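Novice: Fold the following.
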Amino acid sequence: MGLVLWHSLFLFLCLVSSSWSLNSDGRALLALSKNLILPSSIKSSWNASDTTPCNWTGISCDKRNNVVSLDLTLSGVSGSLGVHIGLLKYIKVINLPSNNICGPIPQELGNCSMLEQLDVSGNFLSGEIPESLGNLKKLSYLSLYNNSLSGEIPEGLFKNHFLQDVFLNENKLSGSIPSSVGEMTSLRSFWLTQNALSGGLPDSIGNCTKLEELYLLDNRLSGSLPKTLSYVKGLKVLDATGNSFTGEIDFSFENCKLEKFIFSFNQMRGGIPAWLGNCSSLTELALVNNSFSGQIPPSLGLLSNLTLLMLSQNSLSGPIPPEIGNCRLLEWLELDHNMLEGTVPKELANLRHLQKLFLFENRLTGEFPEGIWSIRYLRSVLIYSNGFTGKLPLKLAELKLLENITLFDNFFTGVIPLGLGVNSPLQQIDFTNNSFTGGIPPYICSRKRLRVLVLGFNLLNGSIPSNVADCPGLQRIILRNNDLTGPIPHFRNCAALGYTDFSHNSLSGDIPASLGKCINTTMINWSANKLVGPIPPEIGNLVNLGVLNLSQNSLQGALPAQVSSCSKLYILDLSFNSLHGSALTTVSSLKLLAQLRLQENKFSGGLPDSLSQLVMLLELQLGGNILGGSIPSSLGKLIKLIALNLSSNGLVGDLRTPLGNLVELQSSDLSVNNLTGGLGALGSLHSLHALNLSYNRFSGPVPEYLLKFLNSAPSSFNGNSGLCISCRDSDSSCKRSNVLKPCGGSGKKGIKRRFKVALIILGSLFIGAVAVFILCCILLKNRDSKTKSEETISNLLEGSSSKLNEIIEKTENFDDKYIIGAGAHGTVYKAILNSGEVFAIKKLAISARSSSYKSMVRELKTLGKVRHRNLIKLKEFWVRGDSGFILYDFMEHGSLYDVLHRIRTPSLDWSMRYNIALGTAHGLAYLHHDSVPAIIHRDIKPSNILLNKDLVPRIADFGIAKIMDQCSAAPQTTGVVGTTGYMAPGMHDANHFLIVNCIPFHEFLVTD
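Specialist: As a prediction, this is how the structure comes out:
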């Protein structure tokens, strides 16, 4: 220890002796340089032999040779700030921004009482802001932004009426904004962005009457904005994006000088204030993702300097004011994700500087104004999911800057302008689900920048232009569900192509071998066409391929062995072709396969043991081939299997015991084979919802668990003369079955049978007489029962009046700003009770004599009977006057449609999507097979699948549900119901609805 002290003393004496003539500020700087590491070019000028440091690089002095400025901006300085900086008593300016200084800000800095400007931004400073900085009473400029400072802002820091500019943004500061902020009466710029500040904006901010810039974005601030902001009359910029501010905009400005008013991604509500129209200097107005309601104020049309208007993701309603067309300098207009309705005003064509127009996800209708397509600066036009009609004008093809045009889910008709793509640097085109006719523009990718081309679900014809297959940046192309013909063009430049869907067209010819060049492709769906020839071996080059669907074509030949190189495949669908050979050996090496569909081909070679390697397999569809052989016991290793189809394959042998390991199996079809033996291996499969064992040679008793299929699907056991039912005296299944006979028999069988027949006849006569008597009583009392129906429903389900009163209070008597959706019978509101519980409540307009009342009763009866994890649960019900109220649990993630199509929602990976589809299937299966009586939903679509906080799906909206007394006795209902696009093929023209028709609903949902 002593040696260290002597060594330190020696160094100090050396320093003193070498700088005996240097003044005190110079010595302080030399000491500072021991911690603050200077580049050699600077350090060489800091000469200890000088009498003053006034000529040193970065140093300025006053007339008395006192250091008044240390400026080493962007000089490559590193190290840390030492305590010696507090020795510079006369320093006024410290500028050290954009260096590599780390460590804490020393408390001793507070000793620099003459300091007027402190800038240490853009470094790596850490720790808390020292309270001693509150001693710098002459400080007018403070910049600490872009460091790693943490902790709370010292209360004393803002007790300084000289401070004009404060930059604390881009740190890790927490806690609240000190109320002392109001003491900075000279404040002009106040930046707190990108921290973790919480609490509200203090009322004292109103004392900062000279404030011009207030940046609060990306914190955790909450509460209402103080009305005292009205006193800050010179405010030019207010940006509070990305917080949790609530309430309405209660402040206003006389002689408004605002230039930017940005309040996106908060929880603000109420109307957009009309006084904003008086802010003639306003250039940017952004209120995205709040809960603003009401109409867009026409006064916004007075903002002649406005360049950006963003009001998307709110609950705005009514028409788009034509006055917006007076904002002649407007470049961005974003009104998407609202409830705007009516037509788009033609005055918007006056916005000659418009670059981005976002109107998607509204309720707009009518023809889209043709004049808008003449705005030459247009870059992005996103108007999808509305009700627009009309045709696209030829002038659309003349736009020289257009990059993105997205029109899907509208009612556009006519031909897509053939010149589209010739003049425009198009990057994204999505015209899905319209009624466009004619061909695909031949030069749509002539500028070679196209990344996304989606034209599915239209009426397009002709061939796929060769230009499309030579588009170097193309990543995604979807042309499904049109009437395209001709061959698939040869791919020449497709390294970026990841997703192709040409399904449901009339494309013909071979699969081009050049497809093998598209090495980054992950998904190919060319199903339901007229493709012929073999699958090219070049398919093996697609090592990133995850989905290959070539089903419903006329492909021939064997499955190329090179497919085994596609090791990332998880869906392989080659069903309904004429392929042959022993494909199962080839695909057994694809360890990630979840769905293998090879049914209705000519595959042979039996079921190899190597299939057991497909441990991820969920669905195995091999029906309608000529496999032959027996079912290997190794198949029992596929323990994740949910669906198994081995029908019509000429299989022989018995069902091996290991099949009982398939405990997740829900659907099994082993029909039309030559299988023998008993069914004991299937008795433990308690997840089975669908089973077909018909037309085999099974024998022996049917396991008890499988007896339920005798009622739901008796034909599943047809053609198995050796099967029987083990009867008990208390078991009536034997008596009801017309398919299977009881196991065993008696010598007195004939006598017993005649005796039973006699008893049945006598019993039937007696029961018939009683039934007639009861029917008469029912008819006489029918009128009374009708008048009591409403009372009965109410008594069964009526909730407490106090809860309803609280709901009415919390929703402000069902104000529109609490609307979260609308169904077939009413509007849905969100209510947060005092207990913290969150509910969704549906309000219905009813009358006991109207058809809507009957629909409501049907819905209540249906919902009251079901209890399942994947079905929405009715909580309580009330009737008040002409209104009914149904209470449900609130689903945090909204509908599946919201998750699939809206912004700022959870991203769904494959496992999430699979679990949602599976949960929906579980819910449907319960309704169809386990609910008594059975229920048909009839309108399964993404908007009717709700997701809770864990993304568990819940089937909702039973407004068109049909309760069936017995599936076999009442299998149909008249009328066409459901949503177009999710209905079973043929249902548009059919006059019946079967339980099996819910399956296409679910398939289309999964496809979506």
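Novice: end-to-end on stretch 313-326?
Specialist: 23 Å (C-alpha to C-alpha, to the nearest Å).
Novice: Give me the buried positions along that stretch.
Specialist: By neighbour count on 16 or more other C-beta atoms under 10 Å, the buried set for stretch 313-326 is 313-317, 320-321, 323-326. (C-beta placed from N, C-alpha, C; glycine too.)
Novice: Restricted to strands, list these.
Specialist: The strands, defined by DSSP state E, take in 315-317 from those.
Novice: Let me have those in a markdown table, extended by distance to Pro742 and pLDDT.
Specialist: Output for those, formatted as a markdown table (distance: C-beta to C-beta, whole Å; pLDDT from 0 to 100):
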| residue | distance to Pro742 | pLDDT |
| --- | --- | --- |
| Ser315 | 65 | 97 |
| Leu316 | 70 | 98 |
| Ser317 | 67 | 98 |
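Novice: Can you tell me which of those is closest to Asp909?
Specialist: Ser315 (30.4 Å; C-beta to C-beta).
Novice: contacting residues for the closest one?
Specialist: 291-293, 338-339, 816-817, 819 (C-beta atoms under 8 Å, 6 or more residues apart in numbering).
Novice: Can I have the buried ones of these as a ChimeraX selection?
Specialist: A single ChimeraX command suffices to select whichever of these are buried according to 16+ other C-beta under 10 Å:
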select :291,292,293,338,339,817,819
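Novice: Just put the contacts of Ser315 in JSON lines and tack on pLDDT.
Specialist: As requested, the contacts of Ser315 are exported to JSON lines (pLDDT from 0 to 100):
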{"residue": "Ser291", "pLDDT": "97"}
{"residue": "Phe292", "pLDDT": "98"}
{"residue": "Ser293", "pLDDT": "98"}
{"residue": "Asn338", "pLDDT": "98"}
{"residue": "Met339", "pLDDT": "98"}
{"residue": "Asp816", "pLDDT": "77"}
{"residue": "Lys817", "pLDDT": "78"}
{"residue": "Ile819", "pLDDT": "84"}
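Novice: could you dump the contacts of Ser315 to CSV with distance to Asn65?
Specialist: Formatted as CSV, the contacts of Ser315 follow (distance: C-beta to C-beta, whole Å):
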residue, distance to Asn65
Ser291, 63
Phe292, 61
Ser293, 67
Asn338, 67
Met339, 71
Asp816, 72
Lys817, 68
Ile819, 73
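Novice: Inside strands: which ones of the contacts of Ser315?
Specialist: Checked against DSSP E, these include these in strands: 291-293, 339, 819.
Novice: Could you identify the most distant pair in the residues you listed?
Specialist: Within these, Phe292 and Ile819 form the most distant pair, 12.9 Å apart (C-beta to C-beta).
Novice: Pull the contacting residues for Phe814.
Specialist: 808, 827, 829, 843.
Novice: Can you tell me which of those residues is closest to Cys208?
Specialist: Looking across the contacts of Phe814 and measuring by C-beta to C-beta, the closest to Cys208 is Tyr829, at 39.6 Å.
Novice: For burial, what's the neighbour tally of the closest residue to the closest one other than its chain neighbours?
Specialist: Excluding the flanking residues, the one nearest Tyr829 by C-beta to C-beta, 6 or more residues apart in numbering is Tyr818, at 4.5 Å. By other C-beta atoms under 10 Å, the residues close to Tyr818 number 22.
Novice: what do you get for Asn255?
Specialist: 9.
Novice: quick one, what contacts it?
Specialist: Lys233.
Novice: do you know how far it is from Leu235?
Specialist: Look at Asn255 and Leu235: by C-beta to C-beta, to the nearest Å, they are 11 Å apart.
Novice: State the distance from the residue nearest to Val120 when sequence neighbours are not counted to Met114.
Specialist: Spatial nearest neighbour of Val120, excluding adjacent residues (C-beta to C-beta, 6+ apart): Leu96 at 5.0 Å. Distance of Leu96 to Met114, computed by C-beta to C-beta: 17 Å.
Novice: Among these two, which residue is more densely surrounded?
Specialist: Leu96 (23 against 16).
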